[in-house]
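Colleague: Quick one, fold the following:
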Amino acid sequence: MNTAHFLQGLLSFLHASPTPFHATETMSQALDQAGFIRLKEEDEWQIAADNGYYIIRDHSSIIAFTTGEISFIEHGFRMMGAHTDSPALKVKPNPELYKHSHWQLGVEVYGGVILRTWFDRDLSIAGRVHYLNEEQQIASSLINFERPIATIPSLAIHMDRETNKKHCVNEQTQLSPILLQCQKNKQPNFKTLLLNQVNLEHQNAQEILDYDLYFYDTQLPILSGFNEEFINSARIDNLVSCYIGLISMLQSARHVPTVLACYNHEEVGSESA
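Modeller: Take a look at the predicted model:
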């Protein structure tokens with residue numbers, strides 16, 4: 001793979017993976033296309049030599065491996081680890097806020113976020129939603145609003161004269177993204193918005209039960225600089241490692257056993273799904 005092709009693939013991967021759930025799904029699609037076989041932890045595995053396999057836990061962690069042609073006991077195996085999650089603003093369980101005619105959503109800081117970089121961005125929401133379907137069964141689907149629907153605005157400098165001298169951000173009072181302006185008695189219901197989005201992308205949803213959702217910057221990953229030597233993107237930590245590991249596995253010599261483990265650090269102990 002030449003450099004240009006690798007970088008274009010990386011940018012596409014970063015764009016398609018706004019959450020650990022989407023990153024895992026994107027990786028699984030690439031493995032499927034390469035002929036890897038998906039396994040489930042609760043099944044009895046039938047493993048053959050010179051084949052590729054992968055397993056997914058909680059829709060957000062993925063382990064892929066190739067069995068190779070040579071004995072890993074005698075020759076060892078190649079292994080790489082990474083994580084699918086990145087620093088982000090996660091939507092709270094009961095997030096709806098109304099202040100001064102603005103409807104907002106409360107968030108909690110996930111991971112090592114540089115808070116000031118989230119201001120004045122065109123934000124959207126993506127993640128996983130759990131719901132009852134038409135058969136009254138519990139189902140889960142990924143959603144992505146894709147378009148900019150929120151922002152965390154900075155105050156004008158004449159309202160905050162010290163803004164260039166201080167960088168302290170209050171996580172509870174200054175980070176709630178604004179989604180719309182409305183009268184207090186006409187506030188939307190967040191779960192209704194989610195229900196509409198699930199039905200737009202997947203259909204068959206009747207009632208929202210729960211969700212794991214994140215705000216993300218909608219600006220596209222790009223190459224910048226006069227010689228395009230820089231990568232500008234969110235989620236470089238740590239999706240670059242996930243992509244490098246994935247491509248390395250898909251293009252490595254298949255006779256050598258290999259393992260790629262990409263965990264969602266906060267979800268690694270969850271039950272398989």
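
Colleague: quick one: secondary structure of residue 170?
Modeller: Recorded secondary structure, residue 170: coil (DSSP: H, G, I helix; E, B strand; the rest coil).

Colleague: buried sites along stretch 169-176?
Modeller: Buried residues in stretch 169-176, defined by neighbour count with 16 or more other Cβ atoms under 10 Å: 169, 175, 176. Heads up, the C-betas are built off the backbone N, CA and C, glycines and all.

Colleague: again with stretch 161-168
Modeller: In stretch 161-168, counting by 16+ other Cβ under 10 Å, buried: nothing.

Colleague: Run through who's touching it.
Modeller: Stretch 161-168 is touched from outside by 116, 154, 155, 157, with contacts defined as Cβ atoms under 8 Å, 6 or more residues apart in numbering.

Colleague: Just send those residues back as CSV, with secondary structure, distance to residue 23 and pLDDT too.
Modeller: Below are the contacts of stretch 161-168 laid out as CSV (DSSP: H, G, I helix; E, B strand; the rest coil; distance: Cβ to Cβ, whole Å; pLDDT from 0 to 100):
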residue, secondary structure, distance to residue 23, pLDDT
116, helix, 25, 91
154, coil, 30, 91
155, coil, 34, 85
157, helix, 38, 87
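
Colleague: Make CSV from the residues you listed and add distance to residue 135 and neighbour count to it.
Modeller: Converted to CSV, the contacts of stretch 161-168 look like this (distance: Cβ to Cβ, whole Å; neighbours: other Cβ atoms under 10 Å):
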residue, distance to residue 135, neighbour count
116, 47, 14
154, 47, 13
155, 49, 11
157, 56, 10
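
Colleague: just those residues now: which is nearest residue 242?
Modeller: Ranked by distance to residue 242 (Cβ to Cβ), the contacts of stretch 161-168 are led by residue 116 at 26.3 Å.

Colleague: any idea how far residue 21 is from that closest one?
Modeller: Residue 116 is 27 Å from residue 21, where distance means Cβ to Cβ, to the nearest Å.

Colleague: list the contacts for residue 91?
Modeller: By Cβ under 8 Å, 6+ apart, the residues touching residue 91 are 105, 106, 107, 125, 127, 211, 213, 214, 215.

Colleague: State the helix or strand in which it lies.
Modeller: Assessed by DSSP states H and E, residue 91 sits inside strand 88-99.

Colleague: next structured bit after that strand?
Modeller: Following strand 88-99 in sequence order, the next helix or strand is strand 102-110 (DSSP H and E).

Colleague: quick revisit: I'd like the buried residues of stretch 169-176 laid out as JSON lines, including pLDDT and distance to residue 55.
Modeller: Output for the buried residues of stretch 169-176, formatted as JSON lines (pLDDT from 0 to 100; distance: Cβ to Cβ, whole Å):
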{"residue": "169", "pLDDT": "88", "distance to residue 55": "39"}
{"residue": "175", "pLDDT": "95", "distance to residue 55": "36"}
{"residue": "176", "pLDDT": "96", "distance to residue 55": "37"}
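
Colleague: Including distance to residue 5, could the residues you listed go into JSON lines?
Modeller: Formatted as JSON lines, these follow (distance: Cβ to Cβ, whole Å):
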{"residue": "169", "distance to residue 5": "40"}
{"residue": "175", "distance to residue 5": "38"}
{"residue": "176", "distance to residue 5": "41"}
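
Colleague: List just the nearest of these to residue 98.
Modeller: Of all these, residue 98 sits closest to residue 176, with 10.6 Å by Cβ to Cβ.

Colleague: The closest one touches residue 97, doesn't it?
Modeller: Yes - at 5.6 Å, residue 176 counts as touching residue 97 under the criterion of Cβ atoms under 8 Å.

Colleague: any common contacting residues for the two?
Modeller: With Cβ under 8 Å, 6+ apart as the test, residue 176 and residue 97 both reach 104, 105, 106.

Colleague: Rebuild those residues as a markdown table, extending it with distance to residue 204.
Modeller: Below are those laid out as a markdown table (distance: Cβ to Cβ, whole Å):
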| residue | distance to residue 204 |
| --- | --- |
| 104 | 30 |
| 105 | 25 |
| 106 | 29 |
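
Colleague: closest to residue 27 among the buried residues of stretch 169-176?
Modeller: The closest of these to residue 27 turns out to be residue 175 (Cβ to Cβ; 29.9 Å).
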